[in-house]
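> sequence below, structure please.
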Amino acid sequence: MGTKCGNTVRLYASQTEAVWNAICRDGVAFCKEDYIVKKYDAAAPVFLTAYRWFVEKAQAIVPRPEGAAFPYWVFADPMMMETGKSSYVLALDVPVEEALFFDMFDWNQILQFHLLSKDPMEERRFLEELNARGIRANDIMLTGFYPDLRQRVLDSWELLFRHHKAARVGNTEGIGKLQAALWQIRRDWVVSVNGKPMQ
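Now for the predicted structure:
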């Protein structure tokens, strides 16, 4: 887990210039749905399906402040971030209660519309069942043709949050790569930008 200092945790975010400008201008940045649509273009329906599910469930664990639509993704290990030439890499000291922790691998499974299970064999059997029936994961989640299978997948995604309480107190045993979600990024959380300490 990122270095803890008192009741804060060090996390890292890669953000665009527009987000950094909002942080500087307003003291806080919130992620909006149109940012997701613009970023992912034709793939946006896939991401929005997963993100909307996440928002519905996450706000019951970490309250969503007014102005926030979607979360920002942050990481305990800066090497896990995707960065580009225009990225602003932010080191953040975040109050622990503001972060929702999970395993990056589990979230990637959700983005692929896979079943989550503590038993890898159950996941494999489910994929085999779909293949035998000629059904794709996208068909389950993006159409209304398979409501029972869709509900089964959605119910399984609740496992995403299984590590949150332990990670919140610094116990990351059993987590492959720690990821977290923030409803906002506040200027007073920013420790450095692109490796340069904040003044």
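
> how confident was the prediction at Trp20?
If you check Trp20, the pLDDT there is 96.

> show me what contacts Cys31?
With contacts defined as C-beta atoms under 8 Å, 6 or more residues apart in numbering, the neighbours of Cys31 are 68-72. Where C-beta positions appear, they are placed from N, C-alpha and C, glycine not excepted.

> just Pro63 next, same as before
Contacts of Pro63 (C-beta under 8 Å, 6+ apart): none.

> what about it, which SS state?
What DSSP: H, G, I helix; E, B strand; the rest coil gives for Pro63 is coil.

> what about Arg152, helix or strand, and which?
Arg152 is part of helix 147-156 when elements are defined by DSSP states H and E.

> helix or strand right after that helix?
Downstream of helix 147-156, the first helix or strand assigned by DSSP H and E is helix 164-168.

> which helices and strands does that next one pack with?
When contacts are defined as 3 or more C-beta pairs under 8 Å, 6 or more residues apart in numbering; DSSP states H and E, helix 164-168 packs onto strand 99-103.

> list the contacts of the strand it packs on.
9, 11, 58, 61-62, 71, 74, 160-161, 163-164, 167-168, 175-182.

> now those: which count as buried?
Buried members of the contacts of strand 99-103, scored by 16 or more other C-beta atoms under 10 Å, are 9, 11, 58, 62, 71, 74, 160-161, 163-164, 167-168, 175, 177-182.

> what's the neighbour count on Pro197?
Here the number of neighbours of Pro197 (other C-beta atoms under 10 Å) works out to 9.

> report the spatially nearest residue to it, omitting neighbours in sequence.
For Pro197, ignoring the flanking residues on the chain, the nearest one in space by C-beta to C-beta, 6 or more residues apart in numbering is Val191 at 6.9 Å.

> quick one: that neighbour and Met81, what's the gap?
Val191 sits 15 Å away from Met81, going by C-beta to C-beta, to the nearest Å.

> wait, Ala181 sits on Pro71?
Yes: using C-beta atoms under 8 Å, Ala181 is in contact with Pro71, at 3.7 Å.

> which neighbours do those two share?
Counting by C-beta under 8 Å, 6+ apart, the shared contacts of Ala181 and Pro71 are 54, 58, 100.

> closest to Lys32 out of those residues?
Phe54 (15.1 Å; C-beta to C-beta).

> which of the helices or strands spans that closest one?
Element membership for Phe54 (DSSP H and E) is helix 44-58.

> with just CA atoms, put that helix into PDB.
The C-alpha coordinates for helix 44-58 follow below in PDB (Å, rounded to 0.1, in the frame of the first residue of the first chain):
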ATOM      1  CA  ALA A  44     -17.800   4.300 -24.100                       C
ATOM      2  CA  PRO A  45     -20.900   2.000 -23.700                       C
ATOM      3  CA  VAL A  46     -18.700  -0.700 -22.300                       C
ATOM      4  CA  PHE A  47     -16.900   1.600 -19.800                       C
ATOM      5  CA  LEU A  48     -20.100   3.400 -18.800                       C
ATOM      6  CA  THR A  49     -21.900   0.100 -18.000                       C
ATOM      7  CA  ALA A  50     -19.100  -0.800 -15.600                       C
ATOM      8  CA  TYR A  51     -18.700   2.700 -14.300                       C
ATOM      9  CA  ARG A  52     -22.400   3.200 -13.600                       C
ATOM     10  CA  TRP A  53     -22.500  -0.100 -11.700                       C
ATOM     11  CA  PHE A  54     -19.400   1.000  -9.700                       C
ATOM     12  CA  VAL A  55     -21.000   4.400  -8.900                       C
ATOM     13  CA  GLU A  56     -24.200   2.800  -7.600                       C
ATOM     14  CA  LYS A  57     -22.400   0.400  -5.300                       C
ATOM     15  CA  ALA A  58     -19.400   2.600  -4.300                       C
END
